[in-house]
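Trainee: Give the three-dimensional model of this entry:
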Amino acid sequence: MQYENVIFPDSVGFQCQNCGVCCRDEPSDINLKEQQRIEAKGFVNFLEDPNNPHNRNIRRKKDGSCFFLTEENTCKIQNVKPAICILEPFIITDYDHRTNRIFLDLNPLAVRNCKGIFTGEMITPGEIGKAAQTIVREFLEIVAKKTGLPVKDKKVASLARKLLLSL
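Mentor: Numbers count the residues shown, from 1 in each chain. You can find the predicted model right below:
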């Protein structure tokens, strides 16, 4: 299955069942734009280490789950949820900068625990596809800024790909 330039694993469907597994396993890290969107909705004091600009992790509650996970296994910030959260239960496994294709597969933790994964056609891949595109674009922008090269430069794409694959 494909959404624009995002390639999903064959015969894998997903429909969130609000099981909360992804929010318990690994609260996400966010970028500055996502932080600002969340703060604009009135949420404050949600970063693990707000004074460290290099630590962009959402803090965990006492039970280890994401700060924004409710008792009903829903997300308090559903309408401004970070791209990495929208991408779950998928992960980016490759980025081909020559063809601008993003390849996704299932997160190994999700395969074991997520109740929303099923065999068959994905109902709406658009939101997940857009999240993957956002993540790749942000990596390209970060690498371009750090290297002083244009976003479209092959070296930027190559370095961004290495970073994505190291996650």
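
Trainee: so what pLDDT did Arg98 get?
Mentor: Note on Arg98: pLDDT of 92.

Trainee: Next, count neighbours for it.
Mentor: Close neighbours of Arg98, defined as other Cβ atoms under 10 Å, add up to 7. In this view, the C-beta of every residue, glycine as well, is placed from N, C-alpha and C.

Trainee: And it, its phi and psi?
Mentor: When quoted as degrees, to the nearest 10, the phi and psi of Arg98 stand at phi -70, psi -40.

Trainee: how close does the nearest residue to Thr119 once chain neighbours are set aside sit to Glu127?
Mentor: Among residues not flanking Thr119 along the chain, Ser11 sits closest, at 5.7 Å (Cβ to Cβ, 6 or more residues apart in numbering). As judged by Cβ to Cβ, to the nearest Å, Ser11 and Glu127 stand 20 Å apart.

Trainee: For this protein, which segments count as helices?
Mentor: Counting by DSSP state H, the chain has helices at residues 21-25, 32-40, 83-87, 108-113, 126-147, 154-166.
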